[in-house]
Structure formats: C-alpha cells, structure tokens
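K.L.:
task: produce atomic coordinates for the following.
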Amino acid sequence: MTQLHENIVGIDAAIFMHPTTWKASGHVDNFNDPMIDNKDSKKRYRVDHLIEAKAEEMRNEGRNDEADSLIDQMDKLLAKDDFDGLRQLIINQGIKCAISKTANWTEVRQFNLMFSTQIGSISDETNEIYLRPETAQGIFVNFLNVQKTARLKIPFGIAQIGKAFRNEIVARQFIFRMREFEQMEMQYFIRPGSQKEWYEFWKEERMKWHLSLGIPKEKYRFHDHVKLAHYADAACDIEYDFPIGFKEVEGIHSRTDFDLKNHQEYSKKKMQYFDSEINQNYIPYVIETSIGLDRTILMMLSEAFAEEDLSTTDKQDSRVVLRFPAKIAPMKLAVLPLVKKDGLTEIARTIMDDCKSHFRCFYEEKDTIGKRYRRMDAIGTPFCVTVDQQTKQDNTVTIRHRDTMQQERIPADKVKDIVLKEIQL
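P.N.:
Below you'll find the predicted structure:
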C-alpha cells in the first residue's frame, strides 16, 4: 500500500484513545453480536457460529442445498435483527449445545465485543476506556493532521498495521478467530459521489494483490454483505477456501462520510477538506480495505502446506514442504557446507556474509545434507546452496530448488543475484 502507491501514506495510531472516539464511531451502541446461552451447560455461543456449524454438518453429509438455504435464512434474520426468529431457527434445526447435548436455550441478546478497562487509579465509569476493536478510527481522528503534514490531495489513502482486540466468546480455528490480532487497514479518502467507482476499483485492486501471492483464482470469491454495518452503503468480503470452508480474509467497505462527520460532531473540530480543483469544502467519503494479517498467514500456510510421498522401489521416503512464493518466504536462502572441515565452512560463511544484508539467510552445519534439505523444505526456504569439495576447485556451488528438488551448479558469486531476482515484488 505505502510503497507501491504514491498517494498512500502510513501511520501508527494509539491503541488507547479517548472513550468518546468509540461513541462517535458507533461501536458503543452498534458493535454487537447476537449471543445465546445454554441453560444446562451455562455456555454462551455466538448465534451465527452455531448455525454455520450446523450448515457445515449438512455439507459434510452432501446436503449442500439445505446448507445454503440455512445460511440464507440466517443472513436475512440477522439483517432484520430478528432475534426471536434466530432462536426459533436454532430450535427448528435441532441444534444442541456441544457440552450438555441439550437444546435448552435462552433468548438471543446482543453482546458488545469491545474490551473495557479503567484508566488511572480509581475504578469508576468516568475512567472507563476501551481497547480498540479496529485500527480505522486512529486513522480518522488523525485525518487532517496527516493530510496537511504530508501535503496530500484527494484521492489519497492512509494505511496502518496494528493490534486490535475483540471480546470473542469463542476464539477458535487456530489463528482464524482470536481476541487479540493484527489488522492491516487502509482508508482511502475520496470526493462524495464517487464512492461506487472507487469501491469497484479497490475490490479489483485487492483481488489482484491476493492473486499475486500465487494462489489460484478459484480459491477466492467475493461475498456481498446482506446486512450492512452501521457506517456502510456497500460492503463485501474476499473469502478464501480454507480447509474449514470459504471464510473471510479481507473486507472492502464504502464507509460514506459517517466516521469523519461523527468525529467532527463529537469533537467540535472541523474535519473538512478544501478541494482546490473544484473550489469547495466537504467532508470526504471513504473506501476501506481491511485485511487480517493473522488470517492471511493462515491462508498462506493452508495453501503452501504439502506432504509428498517420495518413495521408490528401493526405499520409503517422504517430505513435508511449505511452498511459499519466494518473495514472501520467511527464509530465502540456506547456506550449507557439506562438511565442517577442509575450509568449506569459511567459503560458506563468505557466501552468507555476502547475502544476509539483502535477504534473510540460514546457516547450518549439523547432520547429513539430506536431513538439512528436509528441514529447509518444512519451513518453506526456496533455495539451498551447498558448498562442497568442487567449490574449492572452480568456485561453483550446488543450488537446490525447493519445489522441484532440482539441483544445478552455479558460480558462488552469482548466488545473491539469482535469489534477488526470484524474490522481487
């Protein structure tokens, strides 16, 4: 966002902000999820999680049409805030508590997802403060500060990566849903009336970014929101086909002028932008892209993980490999001297020193070369370079490619250039 787009800048906003920020943003009144309790187990569930789990059961039994119909019913009831209808849907479907195995459910009610705490030494309501449930509001309250100091003209964006916190009743599915997670958000400020055009632009642009990760197009889909958030006039999710089914990775939202207008009202400070091209003051509209960093990592792990049977008629063999694209693999190169003698470690260290300031490298001497290759496959290292006796004669090394396991001899002084070429964005 900030490196390849010249009109998008980065920010690192505060985690703790004035409590009125969350009143202005609508989170105090609207950041809720419908919850239901089982009277026997005393366990609390998110209503949508219960129904989605039932739909997943149906799909596993081959009842895809019934599952789609159930999710459609749920979406319509959620859109109308029909809590009685949601409870009845749970009862009609025979959904039971996983612990008590009963369907003795309470009424459905709203549960606010923000974590609250007290600031200062005295605990009372006047000192209540919230952990931010999203990073976006830090961008909005700093909108004019950033615009003026960075001398930006509309359209422009402000982006950041940072911690967000949500009081999820059930954190589940490894790092897919957590109470403390990293968000990557960008707010793109535009002229009022142009939001449909920019909304479509960023939908396409973000999908291009996802496909640039090397993931096939058929593993993604757009899902338009049936129930829009209180700030949106259009919203969709980019969903990826996880092992647990299609789930949201990123959201694109047309937020109108809701946030800036409300912050102006609550703070009594102007949030207007003067557009010199049309000689007009206005509160900008906003298109938001919001992607979970943890979910993106889970997506990449899901896509990259493979177990391969390499057995031959002579011997059993297998490997675990992470097929990360070279440009995002955590470790780019492993430098491996064949043995710890005959001056091979010194040559290997020279290659390591030449490369490590340009990309992350790993150096290892222990165990057979085959075991070291397997370890590098398991953490997704795309290239391994082996220094052997021939290196001392002609200054060439063996480079091994992770995905094909093919090996070739190359000049030792070309290692850095070959890897750099492969990891370019």
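K.L.:
in the stretch 201-350 of the chain, what residue spans correspond to strands?
P.N.:
Counting by DSSP state E, counting those that start in this stretch, the stretch 201-350 of the chain has strands at residues 220-224, 234-242, 245-256, 273-275, 280-282, 285-292, 305-309, 318-322, 333-337.
K.L.:
does the longest one pack against any helices or strands, and if so which?
P.N.:
Helices and strands touching strand 245-256, as assessed by 3 or more Cβ pairs under 8 Å, 6 or more residues apart in numbering; DSSP states H and E, comprise helix 195-211, strand 220-224, strand 234-242, strand 285-292, helix 293-304. All C-beta spots, glycine's among them, are computed from the backbone N, C-alpha and C.
K.L.:
in its sheet, what does it sit against?
P.N.:
Strand 245-256 sits in its sheet next to strand 234-242 (antiparallel), strand 285-292 (antiparallel), going by DSSP bridges.
K.L.:
residue boundaries of the helices in the stretch 101-250 of the chain?
P.N.:
Secondary structure of the stretch 101-250 of the chain, counting by DSSP state H, counting those that start in this stretch: helices at 136-141, 143-149, 195-211.
K.L.:
dump these into a markdown table; add distance to K219 and mean neighbour count as well.
P.N.:
Below are these laid out as a markdown table (distance: least, Cβ to Cβ, whole Å; neighbours: other Cβ atoms under 10 Å):
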| stretch | distance to K219 | mean neighbour count |
| --- | --- | --- |
| helix 136-141 | 27 | 22 |
| helix 143-149 | 35 | 14 |
| helix 195-211 | 9 | 16 |
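K.L.:
so who does the closest residue to R323 other than its chain neighbours touch?
P.N.:
Using Cβ to Cβ, 6 or more residues apart in numbering and skipping the chain neighbours, the partner closest in space to R323 is A304 (4.6 Å). A304 makes contacts with 322-324, 380, as judged by Cβ atoms under 8 Å, 6 or more residues apart in numbering.
K.L.:
most neighbours among those residues, which one is it?
P.N.:
Highest neighbour count within the contacts of A304: F324, with 24 neighbours (other Cβ atoms under 10 Å).
K.L.:
which residues does that one contact?
P.N.:
F324 makes contact with 300, 304, 330, 380, 382, according to Cβ under 8 Å, 6+ apart.
K.L.:
what pLDDT is listed against L78?
P.N.:
For L78, the pLDDT comes out at 87.
K.L.:
please, which helix or strand holds it?
P.N.:
helix 64-79 (DSSP states H and E).
K.L.:
got the angle for the helix or strand following that helix vs helix 64-79?
P.N.:
Counting by DSSP H and E, the next helix or strand C-terminal to helix 64-79 is helix 83-92. Angular relation of helix 83-92 and helix 64-79 on a 0 to 180 degree scale: 150 degrees, by axes from the mean of the first three to the mean of the last three Cα atoms, to 10 degrees.
K.L.:
circling back to that earlier point, of the helices of the stretch 101-250 of the chain, which is nearest N92?
P.N.:
For the helices of the stretch 101-250 of the chain, the distance to N92 is smallest for helix 195-211, at 35.9 Å, taking Cβ to Cβ.
K.L.:
quick one: that closest one to chain centroid distance?
P.N.:
For helix 195-211, the separation from the chain centroid amounts to 16 Å (computed by Cα atoms, centre = their mean, to the nearest Å).
K.L.:
now mean pLDDT too, for the helices of the stretch 101-250 of the chain, in TSV please.
P.N.:
Below are these laid out as TSV (pLDDT from 0 to 100):
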stretch	mean pLDDT
helix 136-141	96
helix 143-149	95
helix 195-211	96
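K.L.:
and Y231, which of those is closest to it?
P.N.:
Minimum separation from Y231 across those (Cβ to Cβ) falls at helix 136-141, 9.3 Å.
K.L.:
centroid-nearest residue for the chain?
P.N.:
Centroid-nearest residue in the chain: G292, 2.4 Å away (criterion: Cα atoms, centre = their mean).
K.L.:
wait, that one sits on V249?
P.N.:
Yes. Between G292 and V249 there is a contact at 6.5 Å, judged by Cβ atoms under 8 Å.
K.L.:
show the contacting residues for S318.
P.N.:
The neighbourhood of S318, defined by Cβ under 8 Å, 6+ apart, consists of 307-311.
K.L.:
low-confidence stretches in the protein?
P.N.:
The chain contains residues with pLDDT under 70 at 121-126, 425.
K.L.:
tell me the one among the contacts of A304 nearest to H5.
P.N.:
F324 (24.3 Å).
K.L.:
can you tell me how far the closest one sits from K421?
P.N.:
17 Å (Cβ to Cβ, to the nearest Å).
K.L.:
quick check: the gap between the nearest residue to P411 once chain neighbours are set aside and D388.
P.N.:
Spatially, and ignoring its direct neighbours in sequence, P411 is nearest to T396 (5.7 Å; Cβ to Cβ, 6+ apart). Applying Cβ to Cβ, the value for T396 to D388 is 9 Å.
K.L.:
quick one on the thing from earlier: can you name the residues bridging to the residue nearest to the centre of the chain?
P.N.:
Q183.
K.L.:
quick one: contacts for it?
P.N.:
Shown in contact with G292 (Cβ under 8 Å, 6+ apart): 181-184, 249-250.
K.L.:
ok, those residues vs M405, which is closest?
P.N.:
Taking Cβ to Cβ as the measure, M405 sits nearest to V249 out of the contacts of G292, at 30.6 Å.
K.L.:
need the contact list for the closest one.
P.N.:
V249 makes contacts with 210, 237-240, 291-292, 295-296, 299, as judged by Cβ under 8 Å, 6+ apart.
K.L.:
what does R375 give?
P.N.:
E364.
K.L.:
look up phi and psi at it.
P.N.:
phi -60, psi -40 (degrees, to the nearest 10).
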